[in-house]
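**Q** I'd like to go over a predicted model; first the sequence, then the structure.
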Amino acid sequence: MSGDVILEMKKARRTFGGLVAVNDVDMQIQRGSIHAIIGPNGAGKTTFFNGITGIIPVVSGSILFEGTEIQQTATHTICRLGIARTFQNIRLFPYLSVLDNVKIGTHSLYSGFVLAALLRSPKYRREEREITEFCMSLLEKIGLADKADLYARNLPYGDQRKLEIVRALASKPKMLLLDEPAAGMNNTETAGLERFIRSLKDEAYTIAIIEHDMKLVMSIADVISVLDHGEKIAEGTAGEIQNNQRVIEAYLGKQGAA
């Protein structure tokens with residue numbers, strides 16, 4: 001694996017009975033890049049993310065993160081290694097505050113335990129201060145600091161999407177997987193999301209993104225991989241993908257592409 005490659009998939013395969021959801025996919029994601037995975041509905045994109053994070057492991061092939069095989073690794077261990085993700089359907093804790101939702105994302109970083117919390121030990125209090133300051137800095141970065149005390153359920157939809165990204169960032173990942181982060185956002189919210197994703201790249205995060213908003217994808221992605229029926233049918237820059245006949249056929253059908 002090249003020194004610039006943070007994640008590599010080799011012949012990754014995931015089946016559900018007779019359905020092949022991910023079909024022997026090879027892919028390399030470069031460190032510090034924004035790598036988009038696109039394709040029609042049912043192409044296997046979310047299953048692809050589930051394989052990386054261990055939620056639904058691949059049945060064959062290998063996935064290497066910084067040179068270490070992770071395809072049969074527990075999800076919490078993968079998180080500690082430095083991979084975090086968001087979900088297509090928002091998964092916040094609606095009756096916890098915005099700040100507490102972000103704090104939950106730090107669970108893999110700190111050594112606090114029940115007895116220390118009950119006794120309010122100096123180490124526990126110090127860690128609590130550090131967690132709060134860190135989480136507030138993340139909320140400040142995305143423009144939600146003034147809403148830290150609100151219930152997550154009371155945020156507008158676009159802000160809930162942002163909160164889920166911030167919660168993923170709270171684990172201090174090296175690589176962030178975003179599953180349709182712009183879904184349901186209006187143009188203004190999407191523009192703000194684009195600026196935020198660019199700022200994460202500037203901070204040296206590696207970002208893999210599944211997204212149906214092609215304007216957003218073509219604007220921010222360094223590399224785009226296209227899946228169709230579980231197979232990778234194309235990969236390249238935005239310009240290369242826009243002019244790829246197989247991609248056009250996958251989205252429009254052969255008659256529509258003619």
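**A** Alright, I've got the coordinates. Residues are numbered from 1 along each chain as shown.

**Q** next structured bit after the helix or strand of the chain with the lowest mean pLDDT?
**A** Ranked by mean pLDDT, DSSP states H and E, the helix or strand of the chain with the weakest confidence is helix 114-119, at a mean of 52. Helices and strands here follow DSSP states H and E; after helix 114-119, the next one along the chain is helix 122-142.

**Q** Show me how far that next one is from its chain's centre.
**A** When distances are taken as Cα atoms, centre = their mean, to the nearest Å, helix 122-142 is centred 23 Å away from the chain's centroid.

**Q** which is the next helix or strand following it?
**A** Scanning forward in sequence from helix 122-142 by DSSP H and E, the next helix or strand is helix 157-169.

**Q** From the contact counts, what lies against that following helix?
**A** For helix 157-169, the helices and strands in contact under the criterion 3 or more Cβ pairs under 8 Å, 6 or more residues apart in numbering; DSSP states H and E are strand 83-85, helix 98-104, helix 122-142, strand 175-179, helix 187-202. Bear in mind the C-beta positions are built from the backbone N, C-alpha and C, glycine included.

**Q** between those, which has the poorest average model confidence?
**A** Averaged per stretch, pLDDT over these is lowest on helix 122-142, reaching a mean of 88.

**Q** quick check: angle from that helix to helix 157-169?
**A** Here helix 122-142 runs at 140 degrees with respect to helix 157-169, directions being taken by axes from the mean of the first three to the mean of the last three Cα atoms, to 10 degrees.

**Q** Packing partners of helix 122-142?
**A** Counting contacts by 3+ Cβ pairs under 8 Å, 6+ apart, the secondary-structure elements packed against helix 122-142 are helix 98-104, helix 114-119, helix 157-169, helix 187-202.
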